[in-house]
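> here is the input, now give the coordinates:
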Amino acid sequence: LLVAAVAPAFLTQPSLFPVIVLKMLNVSLKKGNSPLSPFAYVSFGIIQGSVLGDFDAGYAFGRLALELVSRFGNAAKSIECRTIFMFQTMINHWKFHARDGKSFYRQAYAAGLESGDLQFSSYSLNNVFFQGLLMRENLSDLAERFSVEHPVIASLQQYNAYQLFQLNEQSVLNLKGEADDLLKLTGKYFDETKVLSEWLAAKNANALFDFYVAKSRLEYLFGDRQKAYEYALLAEPMEDAMSGMMFVPEQLFFLSLAAAAIYPEAQKKLRKQIRQRLEKNAKRFEKWSYHCE
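Numbering: from 1, shown residues only. Sure, this is the predicted structure:
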């Protein structure tokens, strides 16, 4: 039950995520490891790293989770996909370059299809492309791969994952200049005028963070740096819903770029806020870079 509750809590009630994880962890410590325990350890690794700032401990718990999945073998098949997904999406890239972990997503995707975990299979397939976008892979190649896998992700019938796939696929087209309005995520694959209201009504913090970061990026590159700053600020309160993901440094990166761009013309009060924000952001970047190998 706790394993099943993790994903919805993470997406819509992020404050419940550590409560559930700690409960799973305590059950494992008191009663002994079960085939479901690896998911508790990898989730705790996220808390150790992205929440508490101890990325070395977070990585160690992540590797422990993978080792236990291997030891339990077929008995852990039901959580193999989600454990590997969590490790690569929220732990591994803080220590090693994300490109070196791509094979984890293919492994997770295959394990999910085998066990029937279509939810995390779709997440795994999604993040192959999401991380590709965040790593600045060639946009033409990325767009082609999005197009090839579009029917696959649609066939998994995971509504939220499919919407996010479409959002990022449309974002790639906008970045390529293949949209009527480069500043609006409305086109062949996505329509922000329809989907945004749905996400706001559902308080889907995970999807909203992704959306605001995409808008901030487009505004900074093609539009108004002030709007880029404002969109990045809208994402900020929802960071807990993206804890550990590469979208977090992406948001901070464009927030910092936009803040620096508007600083010279800003009023005195805002300039002070921007300076404080940039100093805070720089400290986070410094800490992240220290832990990267």
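
> just checking, what packs against the helix or strand of the chain with the lowest mean pLDDT?
Lowest mean confidence among the helices and strands of the chain (mean pLDDT, DSSP states H and E): helix 2-12, at a mean of 82. Helix 2-12 makes packing contacts with helix 16-31, helix 37-46, helix 77-90, helix 205-222 when contacts are defined by 3 or more CB pairs under 8 Å, 6 or more residues apart in numbering; DSSP states H and E. Placement of C-beta: from N, CA and C, glycine included.

> looking at those helices, which is buried most?
With neighbours defined as mean count of other CB atoms under 10 Å, these peak in mean count at helix 37-46, which reaches a mean of 27.

> packing partners of it?
Helices and strands touching helix 37-46, by 3+ CB pairs under 8 Å, 6+ apart, are helix 2-12, helix 16-31, helix 55-72, helix 77-90.

> mind running it again at 6 Å?
Helix 37-46 sits against helix 16-31, helix 55-72, helix 77-90, with contacts defined as 3 or more CB pairs under 6 Å, 6 or more residues apart in numbering; DSSP states H and E.

> list the contacts of the helix or strand just after the last one.
If you walk from helix 77-90 toward the C-terminus, the next helix or strand you reach (DSSP states H and E) is helix 102-115. Helix 102-115 has contacts (CB atoms under 6 Å, 6 or more residues apart in numbering) with Lys77, Ser78, Glu80, Cys81, Ile84, Phe85, Gln88, Phe120, Ser121, Ser124, Leu125, Val128.

> in JSON lines, list those residues along with pLDDT.
JSON lines is the format used below for those (pLDDT from 0 to 100):
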{"residue": "Lys77", "pLDDT": "95"}
{"residue": "Ser78", "pLDDT": "93"}
{"residue": "Glu80", "pLDDT": "97"}
{"residue": "Cys81", "pLDDT": "96"}
{"residue": "Ile84", "pLDDT": "97"}
{"residue": "Phe85", "pLDDT": "96"}
{"residue": "Gln88", "pLDDT": "96"}
{"residue": "Phe120", "pLDDT": "94"}
{"residue": "Ser121", "pLDDT": "96"}
{"residue": "Ser124", "pLDDT": "96"}
{"residue": "Leu125", "pLDDT": "95"}
{"residue": "Val128", "pLDDT": "94"}
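
> quick check: the farthest pair among the residues you listed?
Greatest spatial distance in the contacts of helix 102-115: Ser78 and Val128, 22.2 Å, computed using CB to CB.

> what about Ala205, distance to Glu236?
Separation of Ala205 from Glu236 (CB to CB, to the nearest Å) stands at 11 Å.

> just the CA atoms of the least confident helix or strand of the chain, as PDB, please.
Taking C-alpha atoms only, helix 2-12 is exported to PDB below (Å, rounded to 0.1, in the frame of the first residue of the first chain):
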ATOM      1  CA  LEU A   2       2.800   2.400   0.900                       C
ATOM      2  CA  VAL A   3       4.600   1.600  -2.400                       C
ATOM      3  CA  ALA A   4       1.400   2.300  -4.300                       C
ATOM      4  CA  ALA A   5       1.000   5.600  -2.500                       C
ATOM      5  CA  VAL A   6       4.400   7.000  -3.300                       C
ATOM      6  CA  ALA A   7       3.800   8.200  -6.900                       C
ATOM      7  CA  PRO A   8       0.400  10.000  -6.300                       C
ATOM      8  CA  ALA A   9       1.900  11.600  -3.200                       C
ATOM      9  CA  PHE A  10       5.000  12.800  -5.000                       C
ATOM     10  CA  LEU A  11       2.900  14.300  -7.800                       C
ATOM     11  CA  THR A  12       0.100  16.100  -5.900                       C
END
